[in-house]
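Engineer: Okay, sequence plus prediction incoming.
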Amino acid sequence: ANVTVTDLEELQELLTVNIENNRHLVTGSVRAKVLKWGEDVTEFQPPPDYILMADCIYYEESLEPLLKTLKDLTGPDTCVLCCYEQRTMGKNPEIERKYFELLQMDFELEKIPLDKHDEEYRSEDIHIMNIHRKQ
């Protein structure tokens, strides 16, 4: 596969180090790029086949920019896999509820059952969602 890993500017060096440390495992191409939620995604077009998201639901102010970026990045055939740890402290349950409520305005969600998760890494508080744009 041709892969682009993204994060904020201050984490690009770490992404590059991780790419280099794992280069021997890569059979396609991999590059690191800055992606700030809510900003222009023209350089990431055409829409990717897959978007893998891990632990992206953290604070309420990030929800709108994250959802905008997802809408801007996805095409009708893009599969988004979203993995997150369910957190029960503070405002986290409310933030998760709001995120999925807003997400369902433009996307179809399918929760991947726990018995389909990797046996070694599965956990009751780790959730994986398969997400597609609504037609």
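Structural biologist: On my side now, so go ahead. Residues are numbered from 1 along each chain as shown.

Engineer: Phi and psi next, for the residue nearest to V41 when sequence neighbours are not counted.
Structural biologist: Nearest residue to V41, sequence neighbours excluded (Cβ to Cβ, 6 or more residues apart in numbering): D72, at 4.7 Å. Any C-beta I mention is one placed from the backbone N, CA and C, and that applies to glycine too. The phi and psi values for D72, taken as degrees, to the nearest 10, are phi -70, psi -30.

Engineer: Surely D72 touches E39?
Structural biologist: No - applying Cβ atoms under 8 Å as the test, D72 and E39 come out as separate, 9.2 Å apart.

Engineer: next structured bit after the least confident helix or strand in the chain by mean pLDDT?
Structural biologist: Here the helix or strand of the chain ranked lowest by mean pLDDT, DSSP states H and E is helix 92-103, holding a mean of 89. Of the helices and strands lying after helix 92-103 in sequence (DSSP states H and E), the nearest is strand 107-111.

Engineer: Relative to the whole chain's centre, how far out is that following strand?
Structural biologist: Centroid displacement of strand 107-111 relative to its chain, using Cα atoms, centre = their mean, to the nearest Å, is 14 Å.
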